[in-house]
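Novice: my questions are about this predicted structure, shown below with the sequence.
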Amino acid sequence: MTRGEVVAVCVSAEKHVQKEEVEEVLLVEDLGIRGDAHAGFGHRQVSLLAEESVDKMRAKGLKDLKPGAFGENLLTRGLKLTRLRVGERLRVGKGILLEVTQIGKECVDRCAIYYAAGDCIMPREGIFARVLRGGKVRAGDRIEVLEEGHDLDKTEG
């Protein structure tokens, strides 16, 4: 099992803008994050980005990047998100279950994120998921890739 942690949770009321870090979010089954612009948005209910990806941008001179700068809902560390495949499942915290639905995305236009950050890495290194089982998430929660056929209920805790 591959493990990491949630570094920050972020939301915004509008699409295509940087998100604001908050203390906690509520993931709702088949909806996404309550209060976020992407809630109910089909297969892209929750966006995830690895802090290691953000570190690459910092190394290019963008030093003041805050959580949510690239429009991500969950900023993670220690989990190689770019190696995940569509259909893989993630456990967040004790009982939240996400299913990876998309790797990267196509950006038609340069959005506010691009202009504010100088680049956008979400199209290349972000992933998207849908909520199979909801709950509250906050920074510090564990996130792990579940092995195929893994029974979530037997290993909570």
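Specialist: Sure thing, it's come through. All values derive from a computational prediction rather than experimental measurement. Residues are numbered from 1 along each chain as shown.
Novice: can you pull the contacts of residue 6?
Specialist: 74, 75, 76, 92, 93, 137, 138, 139, 140, 141, 142, 143 (CB atoms under 8 Å, 6 or more residues apart in numbering). (Each C-beta comes from the backbone N, C-alpha and C, glycine too.)
Novice: now for the fourth one, how many residues are close by?
Specialist: Read it as residue 92. 27 (other CB atoms under 10 Å).
Novice: got it, and the fifth one?
Specialist: Other residues within reach of residue 93, judged by other CB under 10 Å, total 16.
Novice: quick one: it and residue 141 touch, right?
Specialist: Yes: counting by CB atoms under 8 Å, residue 141 is a contact partner of residue 93 at 4.2 Å.
Novice: I'd like to know how many residues surround residue 74.
Specialist: 28.
Novice: nearest residue to it in space, please, no chain neighbours.
Specialist: Distances taken as CB to CB, 6 or more residues apart in numbering put residue 48 closest to residue 74, at 4.6 Å, once the chain neighbours are dropped.
Novice: now residue 13
Specialist: Using CB to CB, 6+ apart, the closest residue to residue 13 is residue 37 (5.8 Å).
Novice: quick check: next helix or strand after the longest helix belonging to the chain?
Specialist: For the chain, the helix that runs over the most residues, judged by DSSP state H, is helix 51-59. Using DSSP states H and E, the helix or strand that follows helix 51-59 in sequence is strand 74-77.
Novice: got phi/psi on residue 83?
Specialist: Main-chain dihedrals, residue 83, degrees, to the nearest 10: phi -100, psi 0.
Novice: do the same with residue 93
Specialist: phi 60, psi -140.
Novice: check it and give its pLDDT.
Specialist: pLDDT, residue 93: 94.
Novice: and residue 119, by the same measure?
Specialist: On the pLDDT scale, residue 119 gets 67.
Novice: re the thing from before, can you say which of the contacts of residue 6 are buried?
Specialist: Among these, those scoring as buried are 74, 75, 76, 92, 93, 137, 139, 141, 143 (criterion: 16 or more other CB atoms under 10 Å).
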